[in-house]
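K.L.:
sequence first, then the predicted structure:
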Amino acid sequence: QVQLVESGGGLVQAGGSLRLSCAASGSIFNINRMGWYRQAPGKQRELVATITSGGSTNYAESVKGRFTISRDNAKNTVYLQMNNLTPEDTFVYYCNALVISPQAMDVMRNYWGQGTQVTVSS
C-alpha cells in the first residue's frame, strides 16, 4: 500500500502565496507521474499540474504563470508553489501519484491524498 500525505493548505488573502507539499510512502519502487488536482463541492475534480519523474510538467491554463510544480524524487515528494492567488483558486487540493510497487512491477496504480483545503479571501 501507498500513502500520500498533503500539507500546506490554509487561508490566505488574494495576492498571497501558499506552498503545498505531498509526501508518498509505503510500498514504492518507482513513481511515474505526480500531480495536483482540485475540486469544489459538487463539482468534478480538475487538473492543476502534473510532473513526470523526468521533470516534464503540464499545467492547467488557469494557473500557468502563477503556480509551479516540482518534485524531489529522492524524497518521493511533490510540491505546488502557488503565487498571486485569487478567490477563484479556493478548492480542496488533492495530490495524485502513479506508483509501481516492488510486489507488482508490471502494474502502475493510481493513488490519491486525503485533500487539503485552500481558501483565498478577497
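P.N.:
Received it, and whenever you're ready, just let me know what you need. Please read all numbers here as calculations on a predicted model, not as lab measurements.

K.L.:
give me the distance between the residue positioned nearest the centre of the chain and residue 53.
P.N.:
By C-alpha atoms, centre = their mean, the chain has its centre lying nearest to residue 36, at 2.6 Å. Counting by C-beta to C-beta, to the nearest Å, the separation of residue 36 from residue 53 is 16 Å. Backbone N, C-alpha and C define where each C-beta goes, glycine included.

K.L.:
the residue in the chain sticking out farthest from the centre: what's it in contact with?
P.N.:
If you look at how far each residue of the chain sits from its centre, by C-alpha atoms, centre = their mean, the farthest one is residue 103, at 25.2 Å. Contacts of residue 103 were listed using C-beta atoms under 8 Å, 6 or more residues apart in numbering, and they are residue 27.

K.L.:
likewise for residue 22?
P.N.:
Taking C-beta under 8 Å, 6+ apart as the contact definition, residue 22 lies against 4-7, 34, 36, 77-79, 95, 97, 113.

K.L.:
mind redoing it with 10 Å?
P.N.:
4-8, 34-36, 71, 76-80, 93-97, 113, 116 (C-beta atoms under 10 Å, 6 or more residues apart in numbering).

K.L.:
next one, pLDDT for residue 107 please.
P.N.:
The score at residue 107 is 89. That number is its pLDDT.

K.L.:
oops, could you answer that again for residue 37 instead?
P.N.:
The per-residue confidence score, pLDDT, reads 98 for residue 37.

K.L.:
that one in helix, strand or coil?
P.N.:
The local conformation at residue 37, judged by DSSP: H, G, I helix; E, B strand; the rest coil, is strand.

K.L.:
show me what it is bridged to.
P.N.:
Residue 37 has the following beta-bridge partners by DSSP bridges: residue 47, residue 94.

K.L.:
thanks a lot, see you next time.
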